[in-house]
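> got a sequence here, can you build the structure:
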Amino acid sequence: MIALNSYLPIITLNVNGLNAAIKRQRVTEWIKKQDPSICCLQETYLRLRDTNKLKLKGWKKIYQANNNQKRAGVAILISDKVDFKVKSIRKNKEGDYIMIKGTIHQEDVTILNIYASNHRAARYIKQSLSALKSEIDSSTIIVGDFNMPLSVKDRTSRKKLNKDMEDLNATFNQLDLVDIYRKLHPTATKYTFFSSVPGTFSRIDHILGHKASLSRIQNIEILQSIFSDHKAIKMEINNRKSREKKSNTWKRNNTLLKRDWIIEDIKDGIKKFRESNENENASYQNLWDTAKVVLRGQFM
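This is a model prediction of the structure:
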């Protein structure tokens with residue numbers, strides 16, 4: 001039976017192989033316990049001929065990208081509780097990414113699940129996004145194991161980002177994509193992976209979303225998984241919009257003003273407005289009234 005839940009939970013996890021039957025059983029039990037609407041897996045290591053091994057009761061819609069070797073492999077699982085209708089599927093033959101476009105409860109959604117090996121990960125992701133640029137819009141959610149941090153705060157070494165990483169972040173900005181965990185937790189020091197060499201923790205697993213959809217993000221957190229060397233990330237999207245009747249009356253969502261990232265964005269917006277509109281002939285009241293109009297346009 002299809003359920004119309006208020007929130008749409010999405011989970012992403014590098015499972016580090018699903019060829020062993022006991023491993024698949026543990027993963028499926030974990031997925032059932034977490035009960036997401038969408039589950040994205042990386043490094044399944046399933047070959048093209050083994051895709052039928054990934055089965056889960058209550059999850060008939062399973063989309064995979066694999067190759068002929070036991071490497072890489074990504075999958076997107078859609079719960080039967082969700083009214084998902086697929087429109088198109090794109091994936092590469094290496095099994096490093098899969099993108100599905102469709103509708104959930106009649107709303108457009110694009111999910112891109114990507115795995116980047118640690119060899120030139122930033123360049124690979126940038127090239128992949130460039131190839132898929134025309135498919136990326138405000139309904140896009142990008143998840144996966146990027147094998148790299150996106151900011152200095154994302155690893156205990158506090159090592160500066162190299163040029164490839166900076167270029168990738170610039171690409172994200174051009175596509176209006178945001179690291180949702182860092183946006184909602186600007187000072188958090190939680191990580192998803194431990195590297196024994198050189199002995200550092202880092203957050204290399206990510207969920208990106210479009211700036212226009214940030215107000216619908218209810219929560220995002222890092223979850224423990226005992227069967228993988230990675231931790232999972234779980235995000236909840238407010239899905240009530242799809243069930244509410246359309247109205248021409250705009251109402252402010254006051255709960256947004258309780259979120260730290262919204263407050264910081266408003267402060268930054270006011271600062272930039274003051275810097276670009278310094279005019280000794282304008283009254284403070286006129287500047288403030290104009291600033292409110294600008295900010296309203298940014299956050300409506």
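> what's near enough to touch residue 220?
180-181, 184-185, 207, 233-236 (C-beta atoms under 8 Å, 6 or more residues apart in numbering). All C-beta spots, glycine's among them, are computed from the backbone N, C-alpha and C.
> look up how far residue 65 lies from it.
Between residue 220 and residue 65 the computed distance is 25 Å (C-beta to C-beta, to the nearest Å).
> one more: residue 103?
When residue 103 is compared with residue 65 (using C-beta to C-beta), they lie 21 Å apart.
> more crowded one of these two?
Shown here are residue 103 and residue 65; by other C-beta atoms under 10 Å, residue 65 has more neighbours (27 against 15).
> for the record, mean pLDDT for stretch 168-179?
Taken as a whole, stretch 168-179 has an average pLDDT of 96.
> if you count neighbours, what's buried in it?
In terms of neighbour count (16 or more other C-beta atoms under 10 Å), stretch 168-179 has its buried residues at 168-169, 171-172, 175, 177-179.
> and those, which is closest to residue 263?
residue 178 (16.0 Å; C-beta to C-beta).
> which intervals of the stretch 201-300 of the chain have sub-threshold pLDDT?
Applying pLDDT under 70 to the stretch 201-300 of the chain flags residues 240-262, 273, 275, 278-287, 289, 291-300.
> could you pull out the strands in it for me?
For the stretch 201-300 of the chain, the strands defined by DSSP state E, counting those that start in this stretch occupy 205-210, 217-223, 232-238.
> can you check the stretch 1-150 of the chain too?
Per DSSP E, counting those that start in this stretch, the stretch 1-150 of the chain carries strands over the ranges 7-14, 38-42, 61-65, 74-78, 84-91, 97-104, 107-115, 140-145.
> closest to residue 274 out of the ones you listed?
Here strand 140-145 is closest among the strands of the stretch 1-150 of the chain (C-beta to C-beta), at 33.0 Å.
> mind listing residues that contact the closest one?
By C-beta under 8 Å, 6+ apart, strand 140-145 touches 10, 12, 14, 40, 42-43, 74, 97, 109-116, 177, 204-210, 230, 233.
> contacts only, for the residue nearest the centre of the chain.
The structure's the chain has its C-alpha centroid closest to residue 207; by C-alpha atoms, centre = their mean the separation is 2.2 Å. Contact analysis of residue 207 by C-beta under 8 Å, 6+ apart lists 10, 12, 141-143, 179-181, 220, 233, 235.
> please repeat the previous calculation with a cut-off of 7 Å.
Residue 207 sits next to 12, 141, 143, 180-181, 220, 233, 235 when contact means C-beta atoms under 7 Å, 6 or more residues apart in numbering.
> now do residue 178
208-209, 211, 214.
> what is the neighbour count of the closest residue to residue 239 other than its chain neighbours?
Counting by C-beta to C-beta, 6 or more residues apart in numbering, the nearest residue to residue 239 once its immediate chain neighbours are dropped is residue 8, at 4.4 Å. Neighbours of residue 8 under the rule other C-beta under 10 Å: 24.
> which residues does residue 8 bridge with?
residue 237 (DSSP bridges).
> do you know how far it is from residue 269?
With C-beta to C-beta as the criterion, residue 8 and residue 269 are 28 Å apart.
> and if you look at residue 32?
43 Å.
> equivalent analysis for residue 127, please.
Residue 127 is 33 Å from residue 269, by C-beta to C-beta.
> more neighbours, these two?
More neighbours surround residue 269 than the other of residue 127 and residue 269, with 15 against 12 (other C-beta under 10 Å).
> run through the helices of this protein in chain order.
21-34, 121-131, 163-174, 180-184, 260-276, 284-299 (DSSP state H).
> now do the contacts for residue 211.
Residue 211 neighbours (C-beta under 7 Å, 6+ apart): 176, 178.
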